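Novice: Give the three-dimensional model of this entry:
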Amino acid sequence: MPTQEKIDKVAELKEVLNSATCLISTNYSKMTGNMAVQLRNKLREQEIKFVVVKNRLAYIAADEIGKPEIKEITKGPSGIVVSSGDPVNAAKAVHDFIESENTTVSITGGILDGKILTPEEVVSLAKLPGRNELIAQLLGQLQNPAVGFVRVINAPITGLVTVLQRRIESLEQNSA
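Specialist: Just a heads-up that it's a prediction; the model follows:
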C-alpha cells in the first residue's frame, strides 16, 4: 500500500514532468550538497528546475502521464533537469556546470519533443547557439543585402558630392 507521501510525490512529479518541453537526466552520484545547491541556483536563474527523483516513483509518474520514454533515461541515481523554455539553454546550463565545476555529475540522456537523446546529443544541443542568438544572426543575415543595396545606391551620389566639394575647395584656394 503506497503511503500518502509517495502519492503526493508522484502527483508532484507528474505535474513537473508533464509541463516540460525538455528533460535532461543526470547521474548525480558523488555530488556534494554544496554542488547541488550551486547547480540549482544556476538553473533557477534561467527558470529551469533540477529535481532529484526516485526511479520507481518517476516510472509511475511517467506511465500515468503517458511518457514512457522517461523510464529509458532514468537509470541509477537520477537528477532530472526540467525546462519548459528554450531547450538549448537547459543543455548549456547543465553542460557548463559540469565543465566548470569539474564534477562527477554526468549527463545520462535527454528527451526533447518526445525524442530520446543520447548524452552526446545533449552535449551537441548545448553547443548550439541559443534562440536569441539565432534570431540575431538571422536578422543580421537579412539586413546585410539591404545595407549593401543602400551603399550601392548611395555611391554615385556620394561620389558626386565629393567631386563638388573638391571643386569648391580648389576654387577657394585659387581665389585666395
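Novice: Give me the below-cutoff pLDDT ranges for the chain.
Specialist: 1, 176 (pLDDT under 70).
Novice: who are the neighbours in contact with the spatially most central residue of it?
Specialist: In the chain, the residue lying closest to the centroid (CA atoms, centre = their mean) is residue 89, at 1.6 Å. Contact analysis of residue 89 by CB atoms under 8 Å, 6 or more residues apart in numbering lists 46, 48, 83, 130, 131. The way it works is simple: take the backbone N, C-alpha and C, and place the C-beta from them, glycine included.
Novice: and the closest residue to the fourth one other than its chain neighbours, how far is that from residue 65?
Specialist: Using CB to CB, 6 or more residues apart in numbering and skipping the chain neighbours, the partner closest in space to residue 130 is residue 88 (5.0 Å). Remark: distance between residue 88 and residue 65 (CB to CB, to the nearest Å) = 24 Å.
Novice: quick one, which of those two is more surrounded?
Specialist: residue 88 (21 against 15; other CB atoms under 10 Å).
Novice: show me the residues around the more buried one that make contact.
Specialist: 125, 126, 128, 129, 130, 131.
Novice: tally of neighbours for the second one?
Specialist: Put plainly, it is residue 126. 21.
Novice: Now do the domain split for this structure, please.
Specialist: Residue ranges for the domains of the chain, per automatic domain parsing: 4-128, 132-176.
Novice: which secondary structure elements does the helix or strand hosting residue 157 contact?
Specialist: In this structure, residue 157 sits in helix 131-175 according to DSSP states H and E. Contacts defined by 3 or more CB pairs under 8 Å, 6 or more residues apart in numbering; DSSP states H and E place helix 131-175 against no helix or strand at all.
Novice: How far away from the center of its chain is it?
Specialist: 38 Å (CA atoms, centre = their mean, to the nearest Å).
Novice: any chance of the contacts of residue 89 in a markdown table, plus distance to residue 161?
Specialist: Listed next are these as a markdown table, based on distance: CB to CB, whole Å:
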| residue | distance to residue 161 |
| --- | --- |
| 46 | 51 |
| 48 | 55 |
| 83 | 55 |
| 130 | 43 |
| 131 | 43 |
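Novice: Tell me the buried residues within these.
Specialist: Neighbour-count burial (16 or more other CB atoms under 10 Å) applied to those gives 48, 83.
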